[in-house]
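Undergrad: Could you work out the structure for the sequence below:
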Amino acid sequence: MQSDKNWFGLPKSLFWGYVAVAIFMSGDGFEMAFLSKHITDLGFSPAESALVFTLYGGAAALAAWSSGVVAEIITPQRAMRIGFLLWVSMHILFLTMGLGMKNYPLMLLFYGIRGLAYPLFIYSFVMLVVQTVPKHQLSSAMGWFWAMYSIGIGCIGSYLPSFTIPFMGETGTLWFAIAWVVAGGLMAMLLLRKVGQPSEKAHLSTREKMTELSRAVTILFTNRNIFLACLIRIINTLSLFGFAVIMPMLFVGRLGFTMSEWLQIWAVFFFVTIFTNVMWGILGEYIGWIRQVRWFGCLGCALSSLAFYYLPVTFGHNYWVAMIPAVMLGITVAAFVPMTAVFPVLEPKHKGAAISIYNLSAGLSNFLAPAIASMVLPFFDIKGVVWTYTALYLFAGVLTLIIRVEQPARVTQKSQTKRWTSVATANNKS
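TA: Predicted coordinates:
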């Protein structure tokens, strides 16, 4: 473990790693707003464009699931280097031989393989944080990670292309993304080389490493608390991924908001999470990880989800009223930040496998949120989807009463201080 020195929960020894994640994810996020349309503009059908992203998402989910264990058995720095080099090489091949030659099979191949890259880079950094930061500071450290992630993919990655596309076009913007990813990747390679100590898992034999890799699956069945934490993490971002699908139907389709107004409302939600990720990461060390998740995350998201539907329905096309639930959700969804710290604490001997399950939970949330919406919508409309998410948040709150997490919180430090004080007092009296 490194020194406890930090800036408001941001570990000084990992500072440049956080910056590298923000820069890397900025370049990775450039294409989000326009690549699907760019592919159809080249003459491919919407279904063909969708398949490109489906393969990419599947590869990203696989990489996210395995990245924790992979980083632990080959070291996080090496795993980040592989993710960085894989991203750059596959992106160049995708642009030249895929999009450039309008070769659909090669587009599928290279973009699909590139989907393995970003989770390997950023989630290997999560493993480095877990290995480096003292347990009682993990919550605030992970709050900063998600804030940097939001700055990269949610802010810079979303807004910068609106300026570069008129200037250099969509193809030029896709090439420009490489500069950002290279900057973030080189920063990580050069400035994180001497950070942390390799896990003992890095010295295992090949056979033992394969056994450790399998724990990314078996740990779900051997550790009940990990399984419960997995369910809570899946429920965490249901509204985030689900509302992106159903709320445009409500706001734009029924209440008269313009698409620009809806996008601005949704952008406010992401902007708020930049600050609340850090805030809740720090507060979780004082409030208690699970207590915060229960009352501010689960109950808070349940209320915010209902507000996201009932406030605009009640007040109609009122832009400022519609901003209220966006801010509420931005505050409450970030209260789940300590869950990143919970997983490795629940399985201290196999932290890589625990982080892999956390990543799997995040991927399943991304998949299940729109899946739930598609199943409920035909029968109970948008209101039914909102109430389904709300019920699941309340269910997650019940799960927090069952899960057992021995948090190495600041409360423990205070009790130690009191004990030392009492011992010193007794010695002085004697």
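
Undergrad: hey, where'd the strands end up in this structure?
TA: Using DSSP state E, the strands of the chain run over residues 6-7, 10-11.

Undergrad: Out of those, which is the most enclosed?
TA: strand 10-11 (a mean of 22; mean count of other CB atoms under 10 Å). Any C-beta I mention is one placed from the backbone N, CA and C, and that applies to glycine too.

Undergrad: What are the contacting residues of that one?
TA: For strand 10-11, contacts defined as CB atoms under 8 Å, 6 or more residues apart in numbering pick out 2, 5, 18, 129, 132-133, 137, 140-141, 144.

Undergrad: Stretch 93-104 now?
TA: In contact with stretch 93-104 (CB under 8 Å, 6+ apart) are residues 38-39, 42-44, 48, 106-107, 109-111, 114, 171, 174-175.

Undergrad: Please check the residues you listed and keep the buried ones.
TA: Among the contacts of stretch 93-104, those classed as buried by neighbour count (16 or more other CB atoms under 10 Å) are 38-39, 44, 106-107, 109-111, 114, 174.

Undergrad: ok so, going back, can you tell me which of the contacts of stretch 93-104 are in helices?
TA: 38-39, 48, 106-107, 109-111, 114, 171, 174-175 (DSSP state H).

Undergrad: now for these, which pair is the farthest apart?
TA: Of all pairs drawn from the ones in helices among the contacts of stretch 93-104, the widest gap by CB to CB lies between Glu48 and Trp175 and measures 22.7 Å.

Undergrad: Compute the number of surrounding residues for Arg215.
TA: Counted by other CB atoms under 10 Å, the residues lying close to Arg215 total 21.

Undergrad: and it, what does it touch?
TA: 69, 350, 352-353.

Undergrad: same deal with Thr237?
TA: 333, 336, 362, 365-366, 369.

Undergrad: Show the model's pLDDT score for it.
TA: pLDDT, Thr237: 92.

Undergrad: now the one 5 residues further on
TA: The model reports Gly242 with a pLDDT of 87.

Undergrad: now the helices for the stretch 301-430 of the chain?
TA: Remark: helices assigned in the stretch 301-430 of the chain by DSSP state H, counting those that start in this stretch are 319-332, 339-346, 351-402, 410-429.

Undergrad: For the shortest one, the averaged confidence score.
TA: Confidence over helix 339-346 (mean pLDDT, whole number) is 92.

Undergrad: how much space between the most centrally placed residue in the chain and Met25?
TA: When the chain is reduced to its mean C-alpha position, the closest residue under CA atoms, centre = their mean turns out to be Trp146, at 6.2 Å. Separation of Trp146 from Met25 (CB to CB, to the nearest Å) stands at 11 Å.

Undergrad: now swap in Met168 and tell me
TA: From Met168 to Met25 the distance is 21 Å (CB to CB).

Undergrad: domain parsing for this protein?
TA: According to automatic domain parsing, the chain is divided into the following domains: 11-198, 216-406.

Undergrad: returning to that earlier point: so the residue nearest to the centre of the chain sits against Thr273, correct?
TA: Yes: with contacts counted by CB atoms under 8 Å, Trp146 reaches Thr273, the gap being 7.4 Å.

Undergrad: residues bridging contact with the two, i.e. touching both?
TA: What both Trp146 and Thr273 touch, as defined by CB under 8 Å, 6+ apart, is the set Ala334.

Undergrad: Now Leu192: phi and psi?
TA: Main-chain dihedrals, Leu192, degrees, to the nearest 10: phi -110, psi 10.

Undergrad: The spatially closest residue to it that is not a sequence neighbour: how many residues sit nearby?
TA: Spatially, and ignoring its direct neighbours in sequence, Leu192 is nearest to Gly17 (5.1 Å; CB to CB, 6 or more residues apart in numbering). As a burial measure, Gly17 scores 26 neighbours (other CB under 10 Å).

Undergrad: so which of the buried ones among the contacts of stretch 93-104 comes closest to Ile357?
TA: Arg114 (24.1 Å).

Undergrad: show me the contacts for that closest one.
TA: 56, 59, 86-87, 90-91, 94.

Undergrad: Read off the pLDDT value for it.
TA: Note on Arg114: pLDDT of 95.

Undergrad: So which of the contacts of Thr237 sits lowest on pLDDT?
TA: Asn366 (79).

Undergrad: hmm, back to that, let me have the contacts of Arg215 in a markdown table, extended by pLDDT.
TA: Below are the contacts of Arg215 laid out as a markdown table (pLDDT from 0 to 100):
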| residue | pLDDT |
| --- | --- |
| Val69 | 87 |
| His350 | 86 |
| Gly352 | 85 |
| Ala353 | 87 |
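
Undergrad: All set, thanks.
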